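When you get a sec, could you give me coordinates for this:
(one chain, ligands or ions: 1)
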Amino acid sequence: MADLEAQKQRAALRAAAEVADGMLLGLGTGSTATYAIREIARRMREEGLRLTAIATSSATGALAVSLGIPLRSMGEIDQLDLVIDGADEIDPALRAIKGGGGALFREKIAAAAAVRMIVIGDSSKPVETLGRFKLPVEVHPFALRSVQHQLEALGAPIALRSRADGAPFATDQQANIFDVAFDRIDDAGALARMLEAMPGVLAHGLFIDLVDTAIIGTEDGVSITNRH
Ligand SMILES: O=C(CO)[C@H](O)[C@H](O)COP(=O)(O)O
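Predicted coordinates for the structure are as follows:
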């Protein structure tokens, strides 16, 4: 059976090698991004690599602080040199679904501000067509029911994401997430535009024209795809 953790680590180490001295870096969220963040911190300690970073979630922020990575606030930054982040699915055109960990709002802001975005993952992440993974849609609580109504009109089953104790999951922005089971998204661009037109939708998990490089761990190395 494939060792997915080892694949994540290989992808993360390869991406961390792309970090150069003096960069302003976006740190992603999730298990694969965590491997990259740990490797970046190791390079800082052992190789003297210097950088400043922004965190795409409170969890990543806490991890970065614990590892001694200097952080800035995204709100005071107009451009990042590089973002390294995981993904839930990625297609051959490097369109991705993200937000399985609930950090899509900040992840997308960082991705859009980055000169380059590298997505890292194991061999379960590449897909021919997006949509098997339920698409996260982050919604301001004020608009919960009205957005639910509009999402239901799209015809796919939707579920309000909940925590283990049954309470609604709250994002770092104290918003909620609907997970939408499209199964297959044939026109990701059109769907993205539809979601963006719904007042109260803070972010959706479709990352289109944002990923520049995908680094996927394999059994014995990595496979790298560039968009340009
Ligand atoms: O989008 C994300 C968090 O919002 C993650 O990057 C995505 O869920 C992948 O996580 P993992 O590396 O743990 O598989």
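
rest of the way, CA atoms for contacts and neighbours
OK.

For the residue nearest to residue 186 when sequence neighbours are not counted, give its distance to the ligand.
Counting by Cα to Cα, 6 or more residues apart in numbering, the nearest residue to residue 186 once its immediate chain neighbours are dropped is residue 129, at 7.1 Å. Shown here: residue 129 relative to the ligand, a distance of 17 Å by Cα to the nearest ligand atom, to the nearest Å.

Residue 37 too?
12 Å.

Show me which residues of the host helix or strand of that residue are buried.
Taking DSSP states H and E as the definition, residue 37 sits inside helix 31-47. Within helix 31-47, the residues that qualify as buried are 31-41, 43-44, counting by 16 or more other Cα atoms under 10 Å.

ok so, going back, per-residue confidence at the residue nearest to residue 186?
On the pLDDT scale, residue 129 is placed at 98.

Let me see the contact set for it.
Residue 129 makes contact with 91, 184-186, according to Cα atoms under 8 Å, 6 or more residues apart in numbering.

Adding distance to the ligand, neighbour count and pLDDT as columns, could you present those residues in TSV?
Below are the contacts of residue 129 laid out as TSV (distance: Cα to the nearest ligand atom, whole Å; neighbours: other Cα atoms under 10 Å; pLDDT from 0 to 100):
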residue	distance to the ligand	neighbour count	pLDDT
91	14	15	98
184	18	14	98
185	18	15	98
186	21	12	97
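
still on that earlier bit, heading C-terminal from the helix holding residue 37, find the next helix or strand.
In N-to-C order, the element after helix 31-47 by DSSP H and E is strand 51-55.

Next, the residues that contact that next one from outside, please.
20-28, 61, 64, 69-74.

Tell me the buried residues within those residues.
The buried subset of these (16+ other Cα under 10 Å) comprises 24-28, 61, 64, 69, 71, 74.

so who does the residue most central in space within the chain touch?
Nearest residue to the geometric centre of the chain (Cα atoms, centre = their mean): residue 98, 4.6 Å. Neighbouring residues of residue 98 by Cα under 8 Å, 6+ apart: 86-89, 104, 135-136, 205-207.

For those residues, which entry has the maximal number of neighbours?
Among the contacts of residue 98, the one with the most neighbours (other Cα atoms under 10 Å) is residue 86, at 34 neighbours.

so who does that one touch?
Neighbours of residue 86 in contact, by Cα under 8 Å, 6+ apart: 28-33, 98, 119-121.

CSV please, covering those residues and showing distance to residue 151 and pLDDT.
Putting the contacts of residue 86 into CSV (distance: Cα to Cα, whole Å; pLDDT from 0 to 100) gives the following:
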residue, distance to residue 151, pLDDT
28, 27, 98
29, 26, 98
30, 26, 98
31, 29, 98
32, 30, 98
33, 30, 98
98, 18, 98
119, 28, 99
120, 29, 99
121, 29, 98
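
ok, and of those residues, which contact the ligand?
29-33, 98 (Cα under 6 Å from any ligand atom).

quick check, the helix or strand encompassing residue 203 touching the ligand?
Using DSSP H and E, the element containing residue 203 is strand 201-204. No. Strand 201-204 stays clear of the ligand (Cα under 6 Å from any ligand atom), getting no nearer than 10.6 Å.
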